[in-house]
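Peer 1: Mind looking at a prediction? Sequence and model below.
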Amino acid sequence: MEKVIDLNHLTVAYGAKPVLWNISTSFKEGAMTAIIGPNGAGKSTMMKSMLDLIKPLNGTVDYYLNGKKHLYHDVKKKIAYVPQNNSVDWDFPATVLDVVVMGRYGHLGWLKRPRKSDYDLARTMLAKVGIPTFANRQISQLSGGQRQRVFLARALVQEADIYLMDEPFAGVDKKTEGIIMVLLKELREAGKSILVIHHDLQTVEEYFDEVVFVNREIVANGPVEEVFTEENIEETYRVDHNLGEEGEEDVGIVQ
């Protein structure tokens, strides 16, 4: 597999406190990759750095599409992001359909309004995630699992090549988790690249092709069958690993 994202000596800090230190790793094209580590390990910070939401102190993030190297700004229309549930203002007055159609904005350009075809695609994706009758419901009325389905539908309408997902299985029931996994496998089979921040170690071998262990630094990365070992798990989850106390602030406002 060719690489689709390359992190080169990435260092990120909040104030004077480093959160990620000298991160260098690659993510494979067409693979489903789990990003694994304890709370405060810098996982969400790493993903937000890939999305240019956080500026690193040092290092670069390079994207590879069609055999060429790009910066995020050049390929952002090809990247879809599913944020953490707790990073979203769910009291914002918007319907489910409004939120899903937001995924089309990158395709519309300046001063263009969504077309009928954009709304039709949004409704198709709501059906695909199993909530076709929710289009006119206010997002404040949704359960945790329903919210995740809405944000997955929003990502799907972007028709992206790369999907970055921050804990998409957190707070969802088994039915919703199953629906999400079916869709992610369909994306992978279509050649899409999927990066998932994931906490459930018991499902890593079943769900993922690649795994990246991170705790402020990269502990190990590679194919699941090679690096998903007890030794790497223990090293990653050591409390005193790397830079001391945990304290990453993962919660932010996602527009």
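Peer 2: That came in fine, so what should we check first?

Peer 1: Now for this protein: which helix has the highest residue count?
Peer 2: helix 174-189 (DSSP state H).

Peer 1: Low-confidence ranges, the stretch 151-255 of the chain, go.
Peer 2: 239-255 (pLDDT under 70).

Peer 1: Break down it into its strands, ranges please.
Peer 2: Here the stretch 151-255 of the chain has its strands, by DSSP state E, counting those that start in this stretch, at 162-166, 193-197, 210-215, 217-223.

Peer 1: what are the pairing partners of the third one, and which direction each?
Peer 2: Same thing as strand 210-215. strand 32-36 (parallel), strand 217-223 (antiparallel) (DSSP bridges).

Peer 1: hmm, back to that, export the strands of the stretch 151-255 of the chain to JSON lines and tack on mean neighbour count and distance to Leu187?
Peer 2: Every C-beta, even on glycine, is put in place using the N, C-alpha and C of the backbone. Converted to JSON lines, the strands of the stretch 151-255 of the chain look like this (neighbours: other CB atoms under 10 Å; distance: least, CB to CB, whole Å):
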{"stretch": "strand 162-166", "mean neighbour count": "23", "distance to Leu187": "6"}
{"stretch": "strand 193-197", "mean neighbour count": "25", "distance to Leu187": "6"}
{"stretch": "strand 210-215", "mean neighbour count": "24", "distance to Leu187": "15"}
{"stretch": "strand 217-223", "mean neighbour count": "19", "distance to Leu187": "19"}
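
Peer 1: and these as JSON lines, adding distance to Arg154?
Peer 2: Listed next are those as JSON lines, based on distance: least, CB to CB, whole Å:
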{"stretch": "strand 162-166", "distance to Arg154": "11"}
{"stretch": "strand 193-197", "distance to Arg154": "15"}
{"stretch": "strand 210-215", "distance to Arg154": "25"}
{"stretch": "strand 217-223", "distance to Arg154": "29"}
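
Peer 1: All set now, cheers.
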